[in-house]
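In: Quick one: sequence and predicted model below, then my questions.
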Amino acid sequence: MSAGPPPPIAPRWSGSRRRCNTPIATAATRSAISGVREHGLTYSRFIAGLKAAGVEMDRKVLAALAFDEPAGFAAIVEKAKGALPAQA
């Protein structure tokens, strides 16, 4: 006797909610990344500098600042740069 075919592991649409939000999140991150690179930092070093400086902002706010308020974003980047340890 055969038990039949095995059940499917997961539906094809599993995780689709997560994928739906990705383009918005990546667009916000890309905007912030381009703003950070203009000031000579990588995004990961920028985020590390923000954490070291104690600045808590989400990436959407950072992207909006980079796009709408370049001078304010530049001040935040400089604050993050100042909080980073010197790279050897």
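Out: Nice, I can see it. Numbering: from 1, shown residues only.

In: and Met57, what helix or strand is that in?
Out: Using DSSP states H and E, Met57 sits within no helix or strand.

In: Check the burial of the residue lying closest to it once chain neighbours are set aside by counting its neighbours.
Out: Leaving aside its chain neighbours, Met57 sits nearest to Leu50 (7.1 Å; criterion: C-beta to C-beta, 6 or more residues apart in numbering). From N, CA and C alone the C-beta is placed, and that goes for glycine too. Neighbours of Leu50 under the rule other C-beta atoms under 10 Å: 19.

In: where does Leu50 land in three-state SS?
Out: Classification of Leu50 by DSSP: H, G, I helix; E, B strand; the rest coil places it in helix.

In: gap between it and Ala3?
Out: 55 Å (C-beta to C-beta, to the nearest Å).

In: what's the answer for Ala86, then?
Out: Taking C-beta to C-beta, one finds Ala86 at 65 Å from Ala3.

In: Kindly report the same for Lys81.
Out: For Lys81, the distance to Ala3 (C-beta to C-beta) stands at 63 Å.

In: How about Lys51?
Out: When Lys51 is compared with Ala3 (using C-beta to C-beta), they lie 53 Å apart.

In: before we move on, back to that, so the residue nearest to Met57 versus Ala66, what's the distance?
Out: Between Leu50 and Ala66 the distance is 13 Å, computed by C-beta to C-beta.

In: center of the chain, which residue is that?
Out: Nearest to the centroid of the C-alpha atoms of the chain, with distances taken as C-alpha atoms, centre = their mean, sits Thr29, at 4.4 Å.
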